[in-house]
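**Student:** Everything below, folded, please.
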Amino acid sequence: MDDVVIRASRPEDMAAVADLRWRWSVDEDGREPVRTPDEYRRAMTDFASRHRDSHRCVVAERDGVVLGMGWLAVHPRPPAPHVPGDRSTAELQTVYVHPDLRGSGVAGRLVTALLDVADELGVERTSVHSSVDGERLYRRLGFGDARLLLQRPPED
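**Tutor:** A predicted model of the protein is given here:
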C-alpha cells in the first residue's frame, strides 16, 4: 500500500498505539482489561517516555491515522573478551496491524523497519515470540529456529 507511511513513533502517537493494543487484547482476543482505556493510554505514553533508550516503536500511518505498530526492545549484554565494544540483543514486540490493512504487506514493512533499527544499533541477534499467524512472515524475513533458545516457563 503506497499510501501507508512507516515511521518512527512520536510521543503524540502513543494514545493511538495504546488504542491498537487495546483493540488487539480486549476487542479481538477477549482479554479482560484491568484499567480504563484512558488509564491505559496514559500508561502507554508513560512507558514510551520512560523507556526511550531501550524500546523503539515504529508505526504505520495512513491519512494521518496510526493503523499499525511494532516495538523493538534492546537489551544490553555483558562485554565479551572476543567482541570489541558494547554488545546488545533485541526482541520484536507487539507487532500489530489494524484489520483494514492486514494482508497488504504492512506488517512486513513494520518488521523490516524495526530490523533496520536493530542493524543500525549493531544488535547481535533479534528474536521474536511469534503468533501462529505471524510465523510465516518472520521466517520470510530471515528468522529461524534457534536450537538452544529456551524460555521459562516452556509453552508446550
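**Student:** C-alpha from now on. contacts and neighbour counts both.
**Tutor:** Will do.
**Student:** So residue 58 versus residue 14, what's the distance?
**Tutor:** Per Cα to Cα, to the nearest Å, residue 58 is found 11 Å from residue 14.
**Student:** All the helices of the chain, residue numbers only.
**Tutor:** 14-22, 37-50, 106-120, 135-140 (DSSP state H).
**Student:** most packed of these?
**Tutor:** helix 14-22 (a mean of 21; mean count of other Cα atoms under 10 Å).
**Student:** Report the mean confidence score over that one.
**Tutor:** Average pLDDT, helix 14-22: 98.
**Student:** From the contact counts, what lies against it?
**Tutor:** Judged by 3 or more Cα pairs under 8 Å, 6 or more residues apart in numbering; DSSP states H and E, helix 14-22 is in contact with helix 37-50, strand 65-77, strand 87-97.
**Student:** Of the helices of the chain, which is nearest residue 155?
**Tutor:** Nearest to residue 155 among the helices of the chain is helix 135-140; the distance by Cα to Cα comes to 15.6 Å.
**Student:** quick revisit: and the helices and strands packed on helix 14-22 as JSON lines, adding distance to residue 115 and mean pLDDT?
**Tutor:** Shown next, in JSON lines, are those (distance: least, Cα to Cα, whole Å; pLDDT from 0 to 100):
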{"stretch": "helix 37-50", "distance to residue 115": "19", "mean pLDDT": "98"}
{"stretch": "strand 65-77", "distance to residue 115": "8", "mean pLDDT": "97"}
{"stretch": "strand 87-97", "distance to residue 115": "9", "mean pLDDT": "97"}
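**Student:** who wins for proximity to residue 143 among those?
**Tutor:** strand 87-97 (11.2 Å).
**Student:** quick check, distance from stretch 138-154 to the centre of its chain.
**Tutor:** 16 Å (Cα atoms, centre = their mean, to the nearest Å).
**Student:** Span of it from start to end?
**Tutor:** OK, stretch 138-154 end separation, Cα to Cα: 21 Å.
**Student:** hmm, back to that, nearest to residue 70, out of the helices of the chain?
**Tutor:** helix 106-120 (6.4 Å).
**Student:** Now do that closest one, average pLDDT.
**Tutor:** Rounded mean pLDDT across helix 106-120 is 98.
**Student:** about what we covered before: export the helices and strands packed on helix 14-22 to JSON lines and tack on distance to residue 122?
**Tutor:** JSON lines is the format used below for the helices and strands packed on helix 14-22 (distance: least, Cα to Cα, whole Å):
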{"stretch": "helix 37-50", "distance to residue 122": "22"}
{"stretch": "strand 65-77", "distance to residue 122": "10"}
{"stretch": "strand 87-97", "distance to residue 122": "7"}
